[in-house]
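Enquirer: predicted model and sequence below, questions to follow.
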Amino acid sequence: MKFFLDTANLAQIREANDLGILDGVTTNPSLMAKEGIKGQDNVMKHYKTICEIVKGDVSAEVISTDFEGMIREGENLAALDENIVVKIPMIKDGIKAIKHLTSMGIKTNCTLVFSAGQALLAAKAGATYVSPFIGRLDDISQDGMVLIAEIAQIYAVQGFQTQILAASIRNPLHIIKSAQMGAQVATCGLDTILQLLKHPLTDSGLEKFLADHAKANA
Ligand code: G3P
């Protein structure tokens, strides 16, 4: 399973990259705004900087909602770096744009996916990644993990190559269950990845090993 960081925060991206377990980054307009990145030039520069830090796919989202606008933005974003993946919303023109960008050899990530039917359409259009939003489904009392399982089953049975990028991940169990169900990628904050490290028996075990070593060598 690949680990992507769902952030536009450069410090977090550097820290995860230094750990050696970072495979890519996903961003969205909300995450860019959170970092105070404003204006097209600055947004483009920021994507370029992210691509310089991490050697893996970097999803950059379009803000147009019409076909021509998405294509124009997608081409500009893709020209920034070979690792840019153009993130396109799951809307009618978005499907058309994914098909078009895919035919041009540009990688795409179909975002804001909340149903198996939407994921089927994204794969039909040739999306490189599909992003089901697990946490936001949980938020409305719908089990996000069920969606990951449904998509994984459909893609396996039908032989689609689109990779499942589990998004809107809120806790380490989301990562573990996504891995069990066959999602190829999990994207989340660094804090959620670091929570995977934690186990009280690891901490107490290490404490005892070090204490025994200190005693024996006193
Ligand atoms: O980047 C898309 C997705 O991961 C958003 O997550 O936490 O805003 O639901 P969240």
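Expert: Perfect, thanks for sending it.

Enquirer: what residue of the chain is the furthest out?
Expert: For the chain, the largest distance from the centre (CA atoms, centre = their mean) belongs to residue 218, which lies 49.5 Å off.

Enquirer: can you pull the contacts of that one?
Expert: Shown in contact with residue 218 (CB atoms under 8 Å, 6 or more residues apart in numbering): no residues. Any C-beta I mention is one placed from the backbone N, CA and C, and that applies to glycine too.

Enquirer: got a pLDDT number for it?
Expert: Looking at residue 218, its pLDDT is 93.

Enquirer: any idea which residue sits dead centre in this protein?
Expert: Residue closest to the average C-alpha location in the chain (CA atoms, centre = their mean): residue 187, at 3.6 Å.

Enquirer: residues in contact with the helix or strand harbouring residue 43?
Expert: Using DSSP states H and E, residue 43 maps to helix 40-53. By CB under 8 Å, 6+ apart, the surrounding residues in contact with helix 40-53 are 8, 10, 13-14, 17, 25, 27, 32, 35, 37, 58, 60, 76-77, 80-81, 83-84.

Enquirer: how about a cut-off of 7 Å?
Expert: For helix 40-53, the external contacting residues (CB atoms under 7 Å, 6 or more residues apart in numbering) are 8, 10, 13-14, 17, 25, 32, 37, 58, 60, 77, 80-81, 83-84.

Enquirer: what subset of those residues is buried?
Expert: 8, 13, 17, 25, 32, 37, 58, 60, 77, 80, 83-84 (16 or more other CB atoms under 10 Å).

Enquirer: those residues also near the ligand: which ones?
Expert: Residues of these in contact with the ligand (CB under 6 Å from any ligand atom): none.

Enquirer: near the ligand, which residues of this structure?
Expert: Selection of the chain residues close to the ligand by CB under 6 Å from any ligand atom yields 6, 26, 28, 133, 135-136, 167-168, 187.

Enquirer: show me which pair in those residues is furthest apart.
Expert: Largest separation among the residues of the chain next to the ligand by CB to CB: 26 and 136, giving 14.4 Å.

Enquirer: of these two, who's got more company?
Expert: Remark: of residue 26 and residue 136, residue 26 carries more neighbours, 26 against 15, as counted by other CB atoms under 10 Å.

Enquirer: residues touching that one, list them.
Expert: Counting by CB under 7 Å, 6+ apart, residue 26 touches 4, 6, 59, 167, 187.

Enquirer: beta partners for it?
Expert: Under DSSP bridges, the beta-bridge partners of residue 26 are residue 6, residue 59.

Enquirer: mind listing the strands in this protein by residue range?
Expert: Listed in chain order, the strands of the chain (DSSP state E) span 2-6, 24-26, 57-61, 84-89, 108-113, 129-132, 163-166, 185-188.

Enquirer: can I get those in TSV including mean pLDDT and distance to residue 71?
Expert: TSV is the format used below for the strands of the chain (pLDDT from 0 to 100; distance: least, CB to CB, whole Å):
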stretch	mean pLDDT	distance to residue 71
strand 2-6	98	24
strand 24-26	98	21
strand 57-61	98	14
strand 84-89	98	9
strand 108-113	98	11
strand 129-132	98	18
strand 163-166	98	22
strand 185-188	98	25
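
Enquirer: can you convert the ones you listed into a markdown table and add a column each for distance to residue 155?
Expert: Shown next, in a markdown table, are these (distance: least, CB to CB, whole Å):
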| stretch | distance to residue 155 |
| --- | --- |
| strand 2-6 | 16 |
| strand 24-26 | 19 |
| strand 57-61 | 18 |
| strand 84-89 | 18 |
| strand 108-113 | 12 |
| strand 129-132 | 8 |
| strand 163-166 | 7 |
| strand 185-188 | 13 |
